[in-house]
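> Generate coordinates for the sequence data below:
(2 chains)
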2 protein chains.
Amino acid sequence: MNKMQSNFSISVIGAGNVAHSLVPALLSKGYLIDYVFARNPQHAATFAKKFDIKCTDNLNDLTGDIVIMAVTDSAIEQISVKLAMQSNQVIVHTAGSQPIDVIAKYHKHAGVLYPLQTFSAQRKVNFKHVPVLIETNSDYAKKQLSDVANKISTSVLQVNSYERLQIHTAAVFVCNFTNLMYTYGKDILDNYNLPFEVLRPLIKETAEKALSNDPVNVQTGPAIRNDEATLTKHINQLDADMAQKYEQLSNWIKKRHS
Amino acid sequence: MNKMQSNFSISVIGAGNVAHSLVPALLSKGYLIDYVFARNPQHAATFAKKFDIKCTDNLNDLTGDIVIMAVTDSAIEQISVKLAMQSNQVIVHTAGSQPIDVIAKYHKHAGVLYPLQTFSAQRKVNFKHVPVLIETNSDYAKKQLSDVANKISTSVLQVNSYERLQIHTAAVFVCNFTNLMYTYGKDILDNYNLPFEVLRPLIKETAEKALSNDPVNVQTGPAIRNDEATLTKHINQLDADMAQKYEQLSNWIKKRHS
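This is a model prediction of the structure:
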């Protein structure tokens, strides 16, 4: 852990899910937040009030050693262009699939701080356990951004833009596609007014197995056993659309384990 | 909770993953296990030694108020036919997708005790938190099996064979297909020697969200946002086979949330 610099401060652009997780993590480590800016000034004002910080509707006001953009991917380059270059200010984005270049081509000190987690308004996440992937284009940016990342997270990894894109893609499988499988499970039970609660211990155990094993070694179920009788039973009582999905996914398991 | 009957005892057929979880749960609640039988006598002997119970290679030896078959689906009916009918013995199977009829047509007192969990040899599961789905064909079987189920689990649900088949199908989605998504996540990282550890907090948080929410309400990611730029970026750098899977799964998310 690095000692905090005196007068070190940060401005934040964005008032969405990532900013809602990142700003309290920064504040809790004693960082000064100079300003928050958001495209919608009302959102910035609400956000600023919530965390007792200042807001501005002028990008030129954004002082601080680091300016962190927690904005939608397509806005990163637009904002990057508009930001006035200040000597030694490190301009950072937080996106998984955007290369550092979208900032680095406009700024001497550029960085990426990508928190690898799913953030929703309704859930508070303990940032300490969120893996943070960082990338920088200068030694100065590296020093500044590493200090911040290591303060707010115990799991900081330096990766380049291409590696970060791979990790972001893998994250879609283990998070977004997984949640789709949970949704389908609930859909099937809803059809018969059966309680989703009955599946929750299974969801928990399946995740916990993956937390301590290589998932390929703990695959279970009728597809990996080539248990055609059970596969047919399941498929026969699903509606046509879900039956097709079930068959497709089962074939993928067979292929992965053949 | 019901008071345990004096001299109440159980025999178990099978020495696989389910028996390995069920037998210690029964023993820990003070149930007497008369015998364990397995198709492979060596497996039965090893199992019996492990849990300090007796084994037999003769189905006719299986005394006890309840005989629980923890065997592969296709063996249930074959064994059911062979089991000598004893007055008031309740014959039970533990399968998710097999109707009670495969036993009930041969036995006056039949039942199903389906533990809804993924069991692997390498992981110990606390049976108390495993949902147990039960079904019976007589009041006597219902009384006997309910007593046992409520002793070993805090979550006992009475469902008919068709409902159990639905739940078993839903379980395949939230467990087996989910684990496939974890496997794909690891496959992508392995290609670039990136550590799977970086994805584990995300797997944990995604499951925990589903434990306290309706999963349809906590879906995140580029597909639900119709973020075509990110979808294209991810697809473009996957190999052809994984790219096709990514696109298919993303389309399913779009369709589910349209």
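
> can you pull the contacts of residue A:97?
Counting by CB atoms under 8 Å, 6 or more residues apart in numbering or on different chains, residue A:97 touches A:73, A:164-165, A:168-169, B:230, B:233-234. C-beta: built from backbone N, CA, C; applies to glycine.

> got any ranges where chain A has weak pLDDT?
A:1-6 (pLDDT under 70).

> and with 90 instead?
Applying pLDDT under 90 to chain A picks out residues A:1-8, A:17, A:84-88, A:118-125.

> Report whether the longest helix belonging to chain A contacts chain B.
In chain A, assigned by DSSP state H, the helix with the most residues is helix A:240-256. Yes: with CB under 8 Å from any CB of the partner chain as the measure, helix A:240-256 is seen reaching chain B through A:245-246, A:248-249, A:252-253, A:256.

> Could you tell me the angle between that helix and helix B:240-256?
Relative orientation of helix A:240-256 versus helix B:240-256 (axes from the mean of the first three to the mean of the last three CA atoms, to 10 degrees): 160 degrees.

> and helix A:240-256, what does it pack onto?
For helix A:240-256, the elements it packs on are helix A:178-190, helix A:228-236, helix B:178-190, helix B:240-256, judged by 3 or more CB pairs under 8 Å, 6 or more residues apart in numbering or on different chains; DSSP states H and E.

> Tell me which other helices or strands the first one touches.
Just to be clear, that refers to helix A:178-190. helix A:240-256, helix B:161-171, helix B:178-190, helix B:200-212, helix B:240-256.

> swap the cut-off to 7 Å and go again
For helix A:178-190, the elements it packs on are helix B:161-171, helix B:178-190, helix B:200-212, helix B:240-256, judged by 3 or more CB pairs under 7 Å, 6 or more residues apart in numbering or on different chains; DSSP states H and E.

> contact partners of it?
A:195-196, A:199, A:203, A:242, B:166-167, B:169-170, B:173-174, B:177-178, B:181, B:206, B:210, B:214-216, B:218-219, B:249, B:252-253, B:256 (CB atoms under 7 Å, 6 or more residues apart in numbering or on different chains).

> one step back: dump the contacts of residue A:97 into JSON lines; add distance to residue B:159 and neighbour count as well.
JSON lines is the format used below for those (distance: CB to CB, whole Å; neighbours: other CB atoms under 10 Å in any protein chain shown):
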{"residue": "A:73", "distance to residue B:159": "46", "neighbour count": "19"}
{"residue": "A:164", "distance to residue B:159": "46", "neighbour count": "24"}
{"residue": "A:165", "distance to residue B:159": "45", "neighbour count": "22"}
{"residue": "A:168", "distance to residue B:159": "41", "neighbour count": "22"}
{"residue": "A:169", "distance to residue B:159": "39", "neighbour count": "25"}
{"residue": "B:230", "distance to residue B:159": "42", "neighbour count": "24"}
{"residue": "B:233", "distance to residue B:159": "45", "neighbour count": "19"}
{"residue": "B:234", "distance to residue B:159": "40", "neighbour count": "29"}
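
> quick check, nearest of those to residue B:121?
Proximity of the contacts of residue A:97 to residue B:121 (CB to CB) peaks at residue A:169, which lies at 32.3 Å.
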